[in-house]
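A.B. asks: Sharing a model that was predicted from the sequence below.
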Amino acid sequence: MNTREFDRSRGVVLVTDISRDHGARVASEFLEAGWNVAVTARTVAELVRIMAGKPANRLFAIVADPADHLQADRILDRVTTRFGAINRVIDPAGLVSAVWMQGEVFEAVA
């Protein structure tokens, strides 16, 4: 399996701000359960900490600040481009979740 292939059977989860121990732990738990996991952090160093030894085909790491509305939109665009529909968002600050929910509502209305 190359790094562009991924398993659609479990779904896709986006975990923001993995610099906190809780975020990194949750992302690892989803990976171990077979989910495709996208993670965000504000620096590359924060991402490197979680990426070591993880399956590259099911982990997608993005450097971004989810507090910035434009970057929150970009996060969602990049994850859906890589994995398809997002099934779950774990977002302690609720910033990306708000943008994601707006997108879900707009798609449902359209």
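C.D. replies: That came through fine.

A.B. asks: Send me the strand or helix carrying Ala27 as PDB with only the CA atoms.
C.D. replies: With secondary structure defined by DSSP states H and E, Ala27 is part of helix 21-32. What follows is helix 21-32 as a C-alpha-only set of coordinates in PDB (Å, rounded to 0.1, in the frame of the first residue of the first chain):
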ATOM      1  CA  ASP A  21      -1.200  15.700  25.400                       C
ATOM      2  CA  HIS A  22      -4.900  15.000  25.200                       C
ATOM      3  CA  GLY A  23      -5.000  15.700  21.400                       C
ATOM      4  CA  ALA A  24      -2.000  13.600  20.700                       C
ATOM      5  CA  ARG A  25      -3.400  10.700  22.800                       C
ATOM      6  CA  VAL A  26      -6.800  10.900  21.100                       C
ATOM      7  CA  ALA A  27      -5.200  10.900  17.600                       C
ATOM      8  CA  SER A  28      -3.100   7.900  18.500                       C
ATOM      9  CA  GLU A  29      -6.200   6.000  19.800                       C
ATOM     10  CA  PHE A  30      -8.100   6.700  16.600                       C
ATOM     11  CA  LEU A  31      -5.100   5.500  14.500                       C
ATOM     12  CA  GLU A  32      -4.900   2.300  16.600                       C
END
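
A.B. asks: Would you mind listing where the chain has pLDDT under the threshold?
C.D. replies: Scanning the chain for pLDDT under 70 picks out 1-9, 21, 93-95, 97-110.

A.B. asks: Do you have the helices of the protein handy? List them.
C.D. replies: Chain-ordered helices for the chain, with DSSP state H as the definition, fall at 21-32, 44-51, 69-83, 95-109.

A.B. asks: Show me what counts as buried in the shortest one.
C.D. replies: By 16 or more other Cβ atoms under 10 Å, the buried positions in helix 44-51 come out as 46-47, 50. The C-beta positions use only the backbone N, C-alpha and C, and glycine is treated the same way.

A.B. asks: Stretch 25-35 now?
C.D. replies: 26-28, 30-31, 35.

A.B. asks: could you measure Ile90 against Ala27, distance?
C.D. replies: With distances taken as Cβ to Cβ, to the nearest Å, Ile90 is found 8 Å from Ala27.
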